[in-house]
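Q: generate a structure from the sequence data that follows.
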Amino acid sequence: MLQGRSILLIVGGGIAAYKSAELVRLISKSGGAVRVLLTKAAREFVTPLTLASLSGEKVYEDLFSLTDETEMGHIELSRSADLVVVAPATADLMAKAANGLANDLASTTLLATDKRVLMAPAMNVRMWLHPATQRNLSTLRRDGTAIVGPNEGDMACGEFGPGRMAEPVEILAAISGLLGGKGIPMPAPAPIPELSGPHGVTASGALTGKHVLITAGPTHEPIDPVRYIANRSSGKQGYALAEAARDAGARVTLVSGPVTLPPPPGVTLVRVETAREMDEAVEAALPADIAIFAAAVADWRTKAEAGQKLKKDGKAIPPLELTENPDILARVSRHPALRPRLVVGFAAETEKVVDHAIAKKARKGCDVIVANDVSQESGIAGGVMGSDRNRVHLIGPEGTETLPEMSKSEVAAALVARFAALFDRLAGK
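A: A predicted model of the protein is given here:
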(Lines give C-alpha, C1' and ligand atoms only; values in the text may rest on other atoms or scores of the structure.)
Protein backbone atom coordinates (compact mmCIF):
# COMPACT_ATOMS: atom_id res chain seq x y z
CA MET A 1 0.00 0.00 0.00
CA LEU A 2 0.96 3.69 -0.10
CA GLN A 3 0.41 4.43 3.58
CA GLY A 4 2.42 7.50 4.60
CA ARG A 5 3.51 8.26 1.04
CA SER A 6 2.93 11.60 -0.69
CA ILE A 7 2.31 12.00 -4.41
CA LEU A 8 2.34 15.18 -6.49
CA LEU A 9 0.10 14.62 -9.52
CA ILE A 10 0.58 16.92 -12.51
CA VAL A 11 -2.42 16.73 -14.83
CA GLY A 12 -1.68 17.67 -18.43
CA GLY A 13 -4.17 18.97 -20.97
CA GLY A 14 -5.72 16.13 -22.97
CA ILE A 15 -8.90 14.10 -23.12
CA ALA A 16 -7.25 11.52 -20.83
CA ALA A 17 -7.27 14.13 -18.05
CA TYR A 18 -10.67 12.85 -17.01
CA LYS A 19 -8.92 9.68 -15.77
CA SER A 20 -6.94 11.74 -13.27
CA ALA A 21 -9.94 11.86 -10.95
CA GLU A 22 -9.97 8.05 -10.71
CA LEU A 23 -6.20 8.03 -10.17
CA VAL A 24 -6.54 10.47 -7.26
CA ARG A 25 -9.25 8.27 -5.77
CA LEU A 26 -7.11 5.12 -6.08
CA ILE A 27 -4.06 6.76 -4.51
CA SER A 28 -6.15 7.99 -1.59
CA LYS A 29 -7.82 4.59 -1.20
CA SER A 30 -4.36 2.99 -1.06
CA GLY A 31 -3.37 5.20 1.86
CA GLY A 32 -1.38 7.79 -0.06
CA ALA A 33 -1.68 11.56 0.16
CA VAL A 34 -1.97 13.38 -3.16
CA ARG A 35 -1.66 17.00 -4.17
CA VAL A 36 -2.75 17.97 -7.68
CA LEU A 37 -1.17 20.49 -10.01
CA LEU A 38 -3.48 21.33 -12.91
CA THR A 39 -2.21 22.86 -16.17
CA LYS A 40 -4.23 25.56 -17.88
CA ALA A 41 -5.17 23.21 -20.71
CA ALA A 42 -6.19 20.46 -18.28
CA ARG A 43 -8.87 22.77 -16.86
CA GLU A 44 -10.72 22.35 -20.15
CA PHE A 45 -11.25 18.66 -19.32
CA VAL A 46 -11.48 18.42 -15.52
CA THR A 47 -12.31 20.98 -12.85
CA PRO A 48 -10.16 21.95 -9.85
CA LEU A 49 -13.19 21.39 -7.61
CA THR A 50 -13.46 17.74 -8.63
CA LEU A 51 -9.80 17.02 -7.90
CA ALA A 52 -9.81 19.04 -4.68
CA SER A 53 -12.85 17.13 -3.44
CA LEU A 54 -11.23 13.75 -4.17
CA SER A 55 -7.80 14.61 -2.81
CA GLY A 56 -8.89 16.70 0.16
CA GLU A 57 -6.18 19.18 -0.80
CA LYS A 58 -6.03 22.49 -2.62
CA VAL A 59 -5.36 22.23 -6.35
CA TYR A 60 -2.43 24.31 -7.64
CA GLU A 61 -2.65 26.05 -11.01
CA ASP A 62 -0.86 29.38 -11.25
CA LEU A 63 2.89 29.92 -11.23
CA PHE A 64 2.42 33.58 -10.33
CA SER A 65 -0.10 33.15 -7.52
CA LEU A 66 1.07 35.47 -4.73
CA THR A 67 -0.68 33.38 -2.07
CA ASP A 68 0.75 30.06 -3.30
CA GLU A 69 4.26 31.41 -3.68
CA THR A 70 4.12 32.92 -0.19
CA GLU A 71 2.70 29.84 1.51
CA MET A 72 4.48 27.12 -0.41
CA GLY A 73 6.08 28.08 -3.70
CA HIS A 74 6.86 25.89 -6.68
CA ILE A 75 10.21 24.84 -5.18
CA GLU A 76 8.69 23.37 -2.04
CA LEU A 77 5.79 21.92 -4.00
CA SER A 78 8.24 20.09 -6.25
CA ARG A 79 10.17 18.56 -3.35
CA SER A 80 7.58 17.90 -0.66
CA ALA A 81 6.27 14.70 -2.33
CA ASP A 82 7.89 11.26 -2.46
CA LEU A 83 7.11 10.94 -6.17
CA VAL A 84 6.01 13.29 -8.95
CA VAL A 85 3.49 11.75 -11.37
CA VAL A 86 2.51 13.33 -14.69
CA ALA A 87 -0.76 11.89 -15.99
CA PRO A 88 -1.60 12.55 -18.70
CA ALA A 89 1.88 13.50 -19.90
CA THR A 90 1.19 15.36 -23.11
CA ALA A 91 3.71 15.73 -25.94
CA ASP A 92 4.15 19.36 -24.85
CA LEU A 93 4.89 18.49 -21.21
CA MET A 94 7.31 15.73 -22.26
CA ALA A 95 9.10 18.12 -24.61
CA LYS A 96 9.42 20.80 -21.92
CA ALA A 97 10.73 18.33 -19.36
CA ALA A 98 13.19 16.75 -21.81
CA ASN A 99 14.59 20.12 -22.83
CA GLY A 100 14.57 21.87 -19.46
CA LEU A 101 11.94 24.48 -20.30
CA ALA A 102 10.11 26.19 -17.45
CA ASN A 103 7.42 28.68 -18.45
CA ASP A 104 4.46 27.54 -16.34
CA LEU A 105 3.87 25.93 -12.96
CA ALA A 106 3.99 22.33 -14.28
CA SER A 107 7.23 22.64 -16.23
CA THR A 108 8.86 24.77 -13.51
CA THR A 109 7.97 22.18 -10.90
CA LEU A 110 9.39 19.36 -13.02
CA LEU A 111 12.64 21.25 -13.50
CA ALA A 112 12.90 22.09 -9.79
CA THR A 113 12.12 18.68 -8.34
CA ASP A 114 14.74 16.45 -6.75
CA LYS A 115 12.36 13.48 -6.63
CA ARG A 116 11.74 10.61 -9.07
CA VAL A 117 9.28 11.40 -11.86
CA LEU A 118 6.78 8.97 -13.39
CA MET A 119 5.09 9.94 -16.66
CA ALA A 120 2.01 8.37 -18.26
CA PRO A 121 2.08 9.61 -21.88
CA ALA A 122 -1.17 10.28 -23.73
CA MET A 123 -1.45 11.72 -27.22
CA ASN A 124 -2.44 11.07 -30.81
CA VAL A 125 -0.69 8.03 -32.28
CA ARG A 126 1.14 10.16 -34.89
CA MET A 127 2.37 12.51 -32.20
CA TRP A 128 3.59 9.56 -30.13
CA LEU A 129 5.44 8.00 -33.08
CA HIS A 130 6.92 11.30 -34.26
CA PRO A 131 10.74 11.29 -34.12
CA ALA A 132 10.73 14.40 -31.92
CA THR A 133 8.56 12.72 -29.28
CA GLN A 134 10.65 9.56 -29.42
CA ARG A 135 13.83 11.64 -28.98
CA ASN A 136 12.28 13.37 -25.98
CA LEU A 137 11.22 9.99 -24.59
CA SER A 138 14.79 8.68 -24.87
CA THR A 139 16.13 11.81 -23.15
CA LEU A 140 13.64 11.50 -20.30
CA ARG A 141 14.55 7.86 -19.75
CA ARG A 142 18.23 8.67 -19.71
CA ASP A 143 17.49 11.35 -17.11
CA GLY A 144 15.82 8.72 -14.92
CA THR A 145 12.16 9.42 -15.66
CA ALA A 146 9.99 6.30 -15.37
CA ILE A 147 7.36 5.71 -18.06
CA VAL A 148 4.11 3.76 -17.84
CA GLY A 149 2.23 3.15 -21.09
CA PRO A 150 0.98 4.33 -23.44
CA ASN A 151 -1.46 1.58 -24.35
CA GLU A 152 -2.70 0.73 -27.81
CA GLY A 153 -6.33 1.32 -28.73
CA ASP A 154 -8.93 3.63 -30.22
CA MET A 155 -8.22 7.35 -29.96
CA ALA A 156 -10.69 10.13 -29.28
CA CYS A 157 -9.65 11.51 -32.67
CA GLY A 158 -10.80 8.32 -34.40
CA GLU A 159 -7.36 6.81 -35.04
CA PHE A 160 -6.02 3.56 -33.60
CA GLY A 161 -2.60 2.75 -32.19
CA PRO A 162 -0.27 3.43 -29.27
CA GLY A 163 -1.03 6.67 -27.45
CA ARG A 164 -3.83 5.92 -24.99
CA MET A 165 -2.89 6.78 -21.43
CA ALA A 166 -2.34 3.77 -19.16
CA GLU A 167 -5.36 3.01 -17.01
CA PRO A 168 -5.36 4.51 -13.50
CA VAL A 169 -4.88 1.08 -11.91
CA GLU A 170 -1.79 0.53 -14.10
CA ILE A 171 -0.39 3.89 -13.04
CA LEU A 172 -1.13 3.03 -9.41
CA ALA A 173 0.84 -0.21 -9.79
CA ALA A 174 3.76 1.73 -11.30
CA ILE A 175 3.65 4.21 -8.41
CA SER A 176 3.71 1.36 -5.93
CA GLY A 177 6.62 -0.28 -7.72
CA LEU A 178 8.69 2.90 -7.68
CA LEU A 179 7.97 3.54 -4.01
CA GLY A 180 8.60 -0.06 -2.99
CA GLY A 181 4.98 -0.63 -2.06
CA LYS A 182 3.33 -4.04 -1.90
CA GLY A 183 -0.17 -5.32 -2.04
CA ILE A 184 -1.76 -2.71 -4.29
CA PRO A 185 -5.14 -4.22 -5.17
CA MET A 186 -5.41 -4.79 -8.91
CA PRO A 187 -8.83 -5.72 -10.28
CA ALA A 188 -8.65 -8.94 -12.25
CA PRO A 189 -10.68 -9.33 -15.45
CA ALA A 190 -13.88 -11.27 -15.08
CA PRO A 191 -13.54 -14.98 -15.92
CA ILE A 192 -14.39 -15.80 -19.53
CA PRO A 193 -15.31 -19.51 -19.64
CA GLU A 194 -14.66 -19.96 -23.35
CA LEU A 195 -11.20 -18.44 -22.92
CA SER A 196 -10.22 -20.43 -19.84
CA GLY A 197 -7.03 -22.39 -20.38
CA PRO A 198 -6.45 -26.06 -19.60
CA HIS A 199 -6.00 -27.30 -16.05
CA GLY A 200 -8.78 -24.97 -14.85
CA VAL A 201 -6.65 -21.80 -14.90
CA THR A 202 -8.95 -18.77 -14.69
CA ALA A 203 -8.83 -15.05 -13.93
CA SER A 204 -9.10 -15.82 -10.21
CA GLY A 205 -5.89 -17.84 -10.42
CA ALA A 206 -2.38 -17.68 -9.15
CA LEU A 207 -1.33 -14.43 -10.86
CA THR A 208 -4.19 -12.22 -9.75
CA GLY A 209 -2.89 -8.69 -9.15
CA LYS A 210 0.40 -9.29 -10.98
CA HIS A 211 1.69 -7.47 -14.05
CA VAL A 212 3.18 -9.89 -16.57
CA LEU A 213 5.22 -8.54 -19.49
CA ILE A 214 5.62 -10.89 -22.48
CA THR A 215 7.43 -10.52 -25.81
CA ALA A 216 6.47 -12.62 -28.81
CA GLY A 217 7.06 -13.07 -32.53
CA PRO A 218 10.05 -12.09 -34.67
CA THR A 219 11.61 -8.73 -35.31
CA HIS A 220 12.19 -7.39 -38.81
CA GLU A 221 15.40 -5.44 -39.39
CA PRO A 222 15.17 -3.45 -42.66
CA ILE A 223 17.86 -3.83 -45.32
CA ASP A 224 16.02 -1.57 -47.74
CA PRO A 225 12.34 -0.60 -48.13
CA VAL A 226 11.38 -4.14 -49.31
CA ARG A 227 13.86 -6.51 -47.63
CA TYR A 228 14.67 -7.33 -44.02
CA ILE A 229 16.60 -9.66 -41.69
CA ALA A 230 14.48 -11.77 -39.35
CA ASN A 231 14.32 -14.89 -37.22
CA ARG A 232 11.62 -17.46 -37.91
CA SER A 233 8.77 -17.16 -35.45
CA SER A 234 4.99 -17.40 -35.70
CA GLY A 235 4.45 -15.86 -32.26
CA LYS A 236 2.06 -18.68 -31.32
CA GLN A 237 3.86 -19.72 -28.12
CA GLY A 238 4.21 -16.14 -26.90
CA TYR A 239 0.56 -15.36 -27.62
CA ALA A 240 -0.48 -18.58 -25.85
CA LEU A 241 1.56 -17.50 -22.83
CA ALA A 242 -0.19 -14.12 -22.83
CA GLU A 243 -3.59 -15.83 -22.81
CA ALA A 244 -2.54 -18.25 -20.07
CA ALA A 245 -1.22 -15.42 -17.89
CA ARG A 246 -4.44 -13.48 -18.48
CA ASP A 247 -6.52 -16.52 -17.52
CA ALA A 248 -4.45 -16.83 -14.34
CA GLY A 249 -5.59 -13.33 -13.34
CA ALA A 250 -2.60 -11.27 -14.46
CA ARG A 251 -2.62 -7.89 -16.12
CA VAL A 252 -0.71 -8.71 -19.30
CA THR A 253 1.32 -6.48 -21.60
CA LEU A 254 2.23 -8.28 -24.83
CA VAL A 255 4.96 -6.68 -26.94
CA SER A 256 4.69 -8.35 -30.32
CA GLY A 257 6.78 -8.32 -33.45
CA PRO A 258 5.11 -8.74 -36.87
CA VAL A 259 2.76 -11.75 -36.77
CA THR A 260 -0.55 -12.71 -38.38
CA LEU A 261 -2.25 -13.72 -35.12
CA PRO A 262 -5.35 -11.91 -33.81
CA PRO A 263 -4.90 -9.80 -30.65
CA PRO A 264 -5.63 -11.83 -27.50
CA PRO A 265 -8.75 -10.44 -25.76
CA GLY A 266 -8.10 -8.85 -22.40
CA VAL A 267 -4.41 -8.26 -23.10
CA THR A 268 -2.63 -4.94 -23.73
CA LEU A 269 -0.97 -5.45 -27.12
CA VAL A 270 1.94 -3.26 -28.25
CA ARG A 271 2.99 -3.89 -31.85
CA VAL A 272 6.60 -3.28 -32.90
CA GLU A 273 8.74 -4.16 -35.88
CA THR A 274 12.43 -3.88 -35.01
CA ALA A 275 14.53 -5.01 -32.05
CA ARG A 276 15.14 -1.42 -31.04
CA GLU A 277 11.41 -0.71 -31.03
CA MET A 278 10.83 -3.85 -28.95
CA ASP A 279 13.52 -2.76 -26.50
CA GLU A 280 11.86 0.66 -26.09
CA ALA A 281 8.40 -0.90 -25.70
CA VAL A 282 9.66 -3.30 -23.03
CA GLU A 283 11.26 -0.45 -21.08
CA ALA A 284 8.04 1.57 -21.36
CA ALA A 285 6.03 -1.37 -19.98
CA LEU A 286 8.13 -1.68 -16.81
CA PRO A 287 7.68 -2.11 -13.91
CA ALA A 288 6.41 -5.70 -14.10
CA ASP A 289 6.29 -8.55 -11.63
CA ILE A 290 7.19 -11.19 -14.22
CA ALA A 291 8.85 -10.70 -17.63
CA ILE A 292 8.75 -13.52 -20.17
CA PHE A 293 10.92 -13.02 -23.26
CA ALA A 294 9.56 -15.46 -25.84
CA ALA A 295 10.26 -13.28 -28.90
CA ALA A 296 12.76 -14.37 -31.54
CA VAL A 297 14.69 -11.11 -31.65
CA ALA A 298 17.08 -10.73 -34.58
CA ASP A 299 20.64 -10.65 -33.28
CA TRP A 300 21.88 -8.28 -35.97
CA ARG A 301 20.69 -5.42 -38.14
CA THR A 302 22.33 -3.51 -40.99
CA LYS A 303 24.36 -0.52 -39.91
CA ALA A 304 22.61 1.62 -42.50
CA GLU A 305 19.25 0.94 -44.13
CA ALA A 306 19.25 1.69 -47.86
CA GLY A 307 16.81 4.44 -48.78
CA GLN A 308 15.88 2.79 -52.06
CA LYS A 309 15.53 -0.83 -53.11
CA LEU A 310 18.93 -2.42 -53.78
CA LYS A 311 18.98 -3.53 -57.43
CA LYS A 312 20.74 -6.48 -59.04
CA ASP A 313 22.92 -5.14 -61.81
CA GLY A 314 24.89 -8.25 -62.72
CA LYS A 315 27.96 -6.89 -60.98
CA ALA A 316 29.21 -7.21 -57.42
CA ILE A 317 26.81 -8.25 -54.67
CA PRO A 318 26.25 -5.23 -52.39
CA PRO A 319 27.94 -5.73 -49.00
CA LEU A 320 25.82 -5.69 -45.85
CA GLU A 321 27.63 -4.32 -42.82
CA LEU A 322 25.94 -5.64 -39.69
CA THR A 323 25.80 -4.42 -36.11
CA GLU A 324 24.39 -6.03 -32.97
CA ASN A 325 20.86 -5.37 -31.80
CA PRO A 326 20.04 -4.61 -28.15
CA ASP A 327 20.10 -7.67 -25.91
CA ILE A 328 16.71 -7.13 -24.31
CA LEU A 329 16.77 -10.19 -22.05
CA ALA A 330 20.21 -9.42 -20.63
CA ARG A 331 19.40 -5.73 -20.16
CA VAL A 332 16.19 -6.35 -18.22
CA SER A 333 17.81 -9.17 -16.21
CA ARG A 334 20.36 -6.62 -14.98
CA HIS A 335 18.05 -3.59 -14.84
CA PRO A 336 19.39 -1.29 -12.11
CA ALA A 337 15.99 -0.08 -10.92
CA LEU A 338 13.07 -1.98 -12.44
CA ARG A 339 14.15 -5.61 -12.73
CA PRO A 340 11.09 -7.85 -12.45
CA ARG A 341 11.19 -10.34 -9.60
CA LEU A 342 11.05 -13.21 -12.12
CA VAL A 343 12.72 -12.94 -15.54
CA VAL A 344 12.20 -15.76 -18.04
CA GLY A 345 14.13 -16.24 -21.26
CA PHE A 346 13.58 -18.59 -24.20
CA ALA A 347 16.20 -20.54 -26.13
CA ALA A 348 15.40 -22.03 -29.53
CA GLU A 349 18.22 -24.49 -30.22
CA THR A 350 19.05 -27.03 -32.93
CA GLU A 351 21.66 -29.08 -31.02
CA LYS A 352 22.75 -29.66 -27.43
CA VAL A 353 19.51 -27.97 -26.47
CA VAL A 354 19.74 -28.16 -22.68
CA ASP A 355 23.51 -27.50 -22.53
CA HIS A 356 23.24 -24.39 -24.69
CA ALA A 357 20.21 -23.17 -22.74
CA ILE A 358 21.99 -23.55 -19.38
CA ALA A 359 24.90 -21.52 -20.76
CA LYS A 360 22.49 -18.86 -22.05
CA LYS A 361 20.77 -18.61 -18.65
CA ALA A 362 24.10 -17.90 -16.97
CA ARG A 363 25.18 -15.47 -19.67
CA LYS A 364 21.96 -13.45 -19.68
CA GLY A 365 21.39 -13.35 -15.92
CA CYS A 366 17.74 -14.44 -16.02
CA ASP A 367 16.05 -16.70 -13.49
CA VAL A 368 14.60 -19.28 -15.87
CA ILE A 369 15.22 -20.44 -19.44
CA VAL A 370 12.63 -22.32 -21.48
CA ALA A 371 14.42 -24.30 -24.17
CA ASN A 372 13.07 -26.18 -27.15
CA ASP A 373 14.46 -28.10 -30.11
CA VAL A 374 13.52 -26.32 -33.34
CA SER A 375 15.49 -28.63 -35.62
CA GLN A 376 13.84 -30.95 -38.14
CA GLU A 377 14.85 -33.80 -35.81
CA SER A 378 12.72 -32.46 -32.95
CA GLY A 379 10.23 -35.29 -33.31
CA ILE A 380 7.30 -32.90 -33.72
CA ALA A 381 5.46 -33.37 -36.99
CA GLY A 382 6.27 -30.45 -39.28
CA GLY A 383 8.67 -28.98 -36.73
CA VAL A 384 8.04 -26.52 -33.90
CA MET A 385 8.22 -23.34 -36.00
CA GLY A 386 4.72 -22.32 -37.04
CA SER A 387 3.05 -25.46 -35.69
CA ASP A 388 0.58 -25.76 -32.81
CA ARG A 389 2.70 -28.27 -30.87
CA ASN A 390 5.79 -27.91 -28.69
CA ARG A 391 8.03 -29.78 -26.28
CA VAL A 392 10.07 -27.69 -23.85
CA HIS A 393 12.71 -28.00 -21.15
CA LEU A 394 12.27 -25.70 -18.14
CA ILE A 395 15.66 -24.77 -16.67
CA GLY A 396 15.35 -22.97 -13.35
CA PRO A 397 16.96 -22.59 -9.94
CA GLU A 398 16.12 -26.19 -8.99
CA GLY A 399 17.36 -27.92 -12.12
CA THR A 400 15.81 -29.00 -15.41
CA GLU A 401 12.28 -30.27 -16.02
CA THR A 402 11.28 -31.67 -19.40
CA LEU A 403 7.61 -31.34 -20.26
CA PRO A 404 5.96 -33.82 -22.64
CA GLU A 405 4.86 -32.79 -26.13
CA MET A 406 1.65 -30.78 -25.88
CA SER A 407 -0.26 -28.11 -27.75
CA LYS A 408 1.28 -24.66 -27.34
CA SER A 409 -1.74 -23.61 -25.28
CA GLU A 410 -1.17 -26.53 -22.91
CA VAL A 411 2.55 -25.75 -22.73
CA ALA A 412 1.69 -22.13 -21.91
CA ALA A 413 -0.70 -23.11 -19.11
CA ALA A 414 1.85 -25.51 -17.61
CA LEU A 415 4.61 -22.90 -17.76
CA VAL A 416 2.47 -20.13 -16.26
CA ALA A 417 1.53 -22.38 -13.33
CA ARG A 418 5.20 -23.06 -12.69
CA PHE A 419 6.15 -19.38 -13.06
CA ALA A 420 3.47 -18.41 -10.54
CA ALA A 421 4.78 -20.94 -8.00
CA LEU A 422 8.39 -19.83 -8.53
CA PHE A 423 7.37 -16.17 -8.20
CA ASP A 424 5.78 -16.90 -4.83
CA ARG A 425 8.92 -18.68 -3.64
CA LEU A 426 11.12 -15.79 -4.75
CA ALA A 427 8.75 -13.39 -2.99
CA GLY A 428 9.07 -15.43 0.21
CA LYS A 429 5.41 -16.37 0.34
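Q: residue 25 - that's part of a helix, no?
A: Yes. Secondary structure of residue 25, determined by DSSP: H, G, I helix; E, B strand; the rest coil: located in a helix.
Q: okay but it is in contact with residue 54, surely?
A: Yes. Counting by Cβ atoms under 8 Å, a contact exists between residue 25 and residue 54, whose distance comes to 5.4 Å. Backbone N, C-alpha and C define where each C-beta goes, glycine included.
Q: between those two, point out the one with more neighbours.
A: Under the criterion of other Cβ atoms under 10 Å, the comparison of residue 25 against residue 54 puts residue 54 first, with 20 against 15.
Q: need the contact list for that one.
A: If a contact means Cβ atoms under 8 Å, 6 or more residues apart in numbering, then residue 54 has 21, 24, 25, 28 as its contacts.
Q: one more time with 10 Å, if that's ok
A: Residues in contact with residue 54, defined by Cβ atoms under 10 Å, 6 or more residues apart in numbering, are 20, 21, 22, 23, 24, 25, 26, 27, 28, 34, 36.
Q: give me the buried subset of the residues you listed.
A: If you count burial by 16 or more other Cβ atoms under 10 Å, the buried members of the contacts of residue 54 come out as 20, 21, 23, 24, 26, 27, 28, 34, 36.
Q: so which of these is the closest to residue 284?
A: Checking the buried ones among the contacts of residue 54 against residue 284 with Cβ to Cβ, the nearest one is residue 23 at 18.2 Å.
Q: per the record, what domains does the chain have?
A: Per automatic domain parsing, the structural domains of the chain span 6-178, 193-308+315-426.
Q: with mean pLDDT as extra columns, can I get those in CSV?
A: What follows is these, written out as CSV (pLDDT from 0 to 100):
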stretch, mean pLDDT
domain 6-178, 83
domain 193-308+315-426, 86
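Q: ok, so what distance separates residue 425 from residue 176?
A: Computed as Cβ to Cβ, to the nearest Å, the residue 425 to residue 176 distance reads 21 Å.
Q: equivalent analysis for residue 163, please.
A: 24 Å.
Q: which of those two has more residues huddled nearby?
A: More neighbours surround residue 163 than the other of residue 163 and residue 176, with 27 against 21 (other Cβ under 10 Å).
Q: that one: what secondary structure?
A: Following three-state DSSP, residue 163 is assigned to strand.
Q: check contacts around it.
A: Applying Cβ under 10 Å, 6+ apart, one finds that residue 163 lies in contact with 14, 16, 91, 121-129, 133, 149-153, 155-157.
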